[in-house]
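Sequence and predicted structure below; questions after.
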Amino acid sequence: MTTERDFPIGQRIELPGHFPGPVVLESVRPIGAGFECRVRLPDGTPDEAILSQEEAGTVLGRASSQPAKLPTYDAENVRLLVESARIRLAYAHDRQFAVSLSGIRQESVSRNSVRVVRGSATELAAGNPCGTRL
């Protein structure tokens, strides 16, 4: 027989059929032949689920040993994500928006691509944007 003390309070568990992903179990209390579980969803909102004795046994077999801790992210990667979104949105609203490549390492840009860009700019400046010879 399962009691409320058997549940892994404060740990991340799966409740298949109730929630699509893992939730943090905050409290459990018996209700008739089942249990009322108060959980916290991954986005931080509280919710409840009613479990039968069979479901409780399944949950206890699937309890995760992972602590309920939010993942940490590298600040530089977050900055790059925000900067890429800013550039993408700027280009979406202004097609004449240009991005400077001064921060890119020289090894990452092939010489052929630089020559093509320079050649196109020279032809455009000469009034011949298609590159055809007259």
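Received the coordinates, thanks.

And the protein, what are its domain boundaries?
4-61, 75-125 (automatic domain parsing).

is it possible to export the ones you listed to TSV including mean neighbour count and mean pLDDT?
The C-beta positions use only the backbone N, C-alpha and C, and glycine is treated the same way. Shown next, in TSV, are the domains of the chain (neighbours: other Cβ atoms under 10 Å; pLDDT from 0 to 100):
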stretch	mean neighbour count	mean pLDDT
domain 4-61	15	89
domain 75-125	10	66
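
For the chain, which helix extends over the most residues?
helix 75-93 (DSSP state H).

pull the CA atoms of stretch 35-47 into PDB?
Written as PDB, here are the backbone C-alpha positions of stretch 35-47 (Å, rounded to 0.1, in the frame of the first residue of the first chain):
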ATOM      1  CA  PHE A  35      -3.800  10.900  -4.000                       C
ATOM      2  CA  GLU A  36      -3.900  14.600  -4.800                       C
ATOM      3  CA  CYS A  37      -0.500  15.700  -6.100                       C
ATOM      4  CA  ARG A  38       0.400  19.400  -6.200                       C
ATOM      5  CA  VAL A  39       3.100  20.000  -8.800                       C
ATOM      6  CA  ARG A  40       5.000  22.800 -10.400                       C
ATOM      7  CA  LEU A  41       5.200  22.800 -14.200                       C
ATOM      8  CA  PRO A  42       8.400  23.600 -16.100                       C
ATOM      9  CA  ASP A  43       7.300  27.100 -16.800                       C
ATOM     10  CA  GLY A  44       6.800  27.700 -13.000                       C
ATOM     11  CA  THR A  45       3.000  27.500 -12.800                       C
ATOM     12  CA  PRO A  46       1.400  25.400 -10.100                       C
ATOM     13  CA  ASP A  47      -1.000  22.600 -11.000                       C
END
